[in-house]
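Enquirer: quick one, structure for this:
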Amino acid sequence: MTEQLRLSLHIRLISVKTETVIDPPVIYWCCDNVFVGPAAFRVHLGRNHTPPFQCGQDGCVRDFLHRTSLFRHIRDDHIFEGDNDSASSLVSSSDGTSHLRENSNSNDSIGNDNIANDSVGNDSNGSVEENEPIDLKKAAADIILDLRSTGGVTSALIERFQEACTTIIDNVTATQRQTVKRFLDSNLNLTDTNEAQDLLRELAVENPFQHIRTLKQQLNYFSREMGLVLPVPHFIGYRSEWKLDPATNQYEVTQSSMVFQYIPIIETLKLILSNPRLRYLIENEKKSEDDVLRSYLDGTRAKSNTLIQEQPNVIRLQIYTGDLEVVNALGSRTVVHKLTALYFSIQNFPPAEASQLSSIYLLGLAYTEDVKTQNGYENFFTPFFKI
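Expert: Numbers count the residues shown, from 1 in each chain. Reported below is the predicted structural model:
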C-alpha cells in the first residue's frame, strides 16, 4: 500500500505481536455522497455549500453557521457517541477471528487542530480532485465576490490584488512551460512534434481576471452568472444647487436631477425563493402552540387578517429606513454625502434566521437631502407601491 493511499483513506496498520490493528476511516455523509476523512468533506463544504451548514450525519438535521461549529458537533455528537463505533479498531487475530477494540488515538478523528483551521485551502489532501474540471474564470469571480463582500476592502486594493495574482499565474505558467520543454528536449528532441506543440499551447493559461477587471465588468458578470439583482435608477425630480461657473468664477443657481437607486423587490424575492432552504422556512412557518407570542402570526391582527387566513404562506415584508454616512463621520461636510437606505426583512423566517445580517435585504438608496424635500418620501416609495 502506497503512502498516498494510506493518507487518503486514513487507515493505520499496526502490527502488534500476532495481531493487526486497523483503524476504520471516519465516514461523512452529504448530498447523497460519502466522504472518507475530514479533508474531503471540508473541501466539499467549501465548494458546494453556503452557511448555514446542515449536519446530515445519521439523519441529523441541525444547522450551523460556521464549519468549525459543524465539525465540532460531528466530533462530539457523532464520531465518539454511543458505542464509539467510529473510534473503535478492528482487530484481526492470527486465528482468523475478529473483534472490536477501543482506540482513542484514531488518526481520522477530528481534533481541535482541524477544527481551528476552517480554511479549505489548508487541507493536506489537496483541493482539486484528479479529473474534476476547473473553471478558473469562475474561481476568480468567486474570489472577487468574497473581497467585495468584505468590509474595508476598496476597489484600488482589489485591483492591486488582481495584478499580483496575474503576475503569479504568468510566472507559474512560464515555469511549467520551461520545465516541460526541457523534458521534451532531453528525450529525443520531441519539442518540434505537433503533439509537443499542442501540449505547450495547452499549458498557456489565460488571465482569469481579464473579464472582471473593472467594477462594471464584475457587476455584469455577477448579474449574468450569479443572479445578482442590479439597481435601477428612479427619477424623483429636480433640486436647486449653487455651483461654480468656471467661465465667470461666480456661483450660480442650477437645477440638478434627483435620482435614487431602486433594487427591484420582485426580482429579489425570486432570488430568495430560489434557495431551497429559505423557501422551506417560508412555507413551513408554524404558529405558537402554547399561546406565547413568538411571531406576527400569534397576534390578534394576524388572526383577523383575511389575506393571511386565506393564504397562510403569504410573504410578509417588514420595511424600514436608516441614514448612513459614506465618508468620515467627523468630517466638516458629512451631510453632503449622507444617504438614506431602505431595507426589508421577511417576517416568515424563524427568529434564528431573521436575526442574521444576511436576512436583511437592501431595497433602495437615495441622497438624504432629496428624501427630505417636499413629497420626498412619497416619491421614494412610489416604485414599491406600483408592484
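Enquirer: okay, strands next: where are they in this protein?
Expert: Using DSSP state E, the strands assigned to the chain run over residues 13-16, 19-22, 27-30, 33-36, 53-54, 63-64, 88-92, 98-102, 232-245, 250-262, 317-325, 338-346, 360-367.
Enquirer: who does the fifth one pair up with?
Expert: In the sheet, strand 53-54 lines up against strand 63-64 (antiparallel) (DSSP bridges).
Enquirer: measure stretch 304-315 end to end?
Expert: One end of stretch 304-315 to the other measures 17 Å (CA to CA, to the nearest Å).
Enquirer: chain center to it: distance?
Expert: Mean-position distance between stretch 304-315 and its chain equals 33 Å (CA atoms, centre = their mean, to the nearest Å).
Enquirer: centre of the chain to stretch 47-67, how far?
Expert: 14 Å.
Enquirer: which parts of it are buried?
Expert: Pro52, Phe53, Cys55, Gly56, Gln57, Phe64, Arg67 (16 or more other CB atoms under 10 Å). Backbone N, C-alpha and C define where each C-beta goes, glycine included.
Enquirer: same check, this time on stretch 209-225
Expert: Phe209, Ile212, Arg213, Gln218, Tyr221, Phe222.
Enquirer: dump those residues to JSON lines, plus pLDDT and distance to Ile168.
Expert: JSON lines is the format used below for those (pLDDT from 0 to 100; distance: CB to CB, whole Å):
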{"residue": "Phe209", "pLDDT": "89", "distance to Ile168": "11"}
{"residue": "Ile212", "pLDDT": "89", "distance to Ile168": "17"}
{"residue": "Arg213", "pLDDT": "89", "distance to Ile168": "16"}
{"residue": "Gln218", "pLDDT": "90", "distance to Ile168": "20"}
{"residue": "Tyr221", "pLDDT": "91", "distance to Ile168": "22"}
{"residue": "Phe222", "pLDDT": "90", "distance to Ile168": "24"}
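Enquirer: in CSV: the residues you listed, plus distance to Ile315.
Expert: Listed next are these as CSV, based on distance: CB to CB, whole Å:
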residue, distance to Ile315
Phe209, 38
Ile212, 33
Arg213, 38
Gln218, 30
Tyr221, 29
Phe222, 25
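Enquirer: return the member of the buried residues of stretch 47-67 nearest to Ile315.
Expert: Using CB to CB, Pro52 comes nearest to Ile315 of those, at 20.6 Å.
Enquirer: please report how far the closest one lies from Arg148.
Expert: Remark: distance between Pro52 and Arg148 (CB to CB, to the nearest Å) = 22 Å.
Enquirer: next: His234.
Expert: 24 Å.
Enquirer: repeat for Asp76
Expert: 36 Å.
Enquirer: show me what contacts the residue nearest to the spatial centre of the chain?
Expert: For the chain, Thr50 is the residue whose C-alpha lies nearest the centre (CA atoms, centre = their mean; 5.0 Å). For Thr50, the contact set (CB atoms under 8 Å, 6 or more residues apart in numbering) is empty.
Enquirer: now do the same for it: its pLDDT.
Expert: pLDDT for Thr50: 74.
Enquirer: how about the one 4 residues further on?
Expert: The per-residue pLDDT reported for Gln54 equals 79.
Enquirer: Val36 now?
Expert: Value listed for Val36 in the pLDDT field: 66.
Enquirer: buried ones in the longest helix anywhere in the chain?
Expert: Counting by DSSP state H, the longest helix found in the chain is helix 155-185. Going by neighbour count (16+ other CB under 10 Å), the buried part of helix 155-185 is Ile158, Gln162, Thr166, Ile169, Arg177, Val180, Lys181, Leu184.
Enquirer: identify, from those, the entry nearest to Glu310.
Expert: The closest of the buried residues of helix 155-185, once distances to Glu310 are taken by CB to CB, is Ile158, at 49.1 Å.
Enquirer: my guess is the closest one meets Ser149, correct?
Expert: No - contact criterion CB atoms under 8 Å: Ile158 and Ser149 do not qualify, at 11.6 Å.
Enquirer: does Gln255 touch Lys243 like I think?
Expert: No - when contacts are counted by CB under 8 Å, Gln255 is not listed as touching Lys243 (10.1 Å).
Enquirer: of all the buried residues of stretch 47-67, which comes closest to Ile319?
Expert: Pro52 (25.2 Å).
Enquirer: which residues does the closest one contact?
Expert: Asp63, Phe64, Leu65, Arg277.
Enquirer: which non-adjacent residue is nearest the first one?
Expert: In other words, Asp63. Pro52 (3.9 Å; CB to CB, 6 or more residues apart in numbering).
Enquirer: go on, the second one?
Expert: With CB to CB, 6+ apart as the criterion, Phe64 has its nearest non-adjacent residue at 4.2 Å, and that residue is Leu70.
Enquirer: list the contacts for that neighbour?
Expert: Contacts for Leu70 (CB under 8 Å, 6+ apart) come out as Leu45, Phe53, Cys55, Phe64.
Enquirer: let's have these in TSV, adding distance to Tyr343.
Expert: Shown next, in TSV, are those (distance: CB to CB, whole Å):
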residue	distance to Tyr343
Leu45	30
Phe53	26
Cys55	31
Phe64	26
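Enquirer: returning to what we had before: of Asp76 and Arg148, who's got more company?
Expert: Comparing Asp76 with Arg148 by other CB atoms under 10 Å, the one with more neighbours is Arg148, at 14 against 11.
Enquirer: sorry, back to before: tell me the mean pLDDT for the longest helix of the chain?
Expert: pLDDT averaged over helix 155-185 gives 86.
Enquirer: next: stretch 374-386.
Expert: Taken as a whole, stretch 374-386 has an average pLDDT of 74.
Enquirer: oh, and call the first residue 846 from now on, that's how I've got it
Expert: With 846 as the first residue, the last one maps to stretch 1219-1231.
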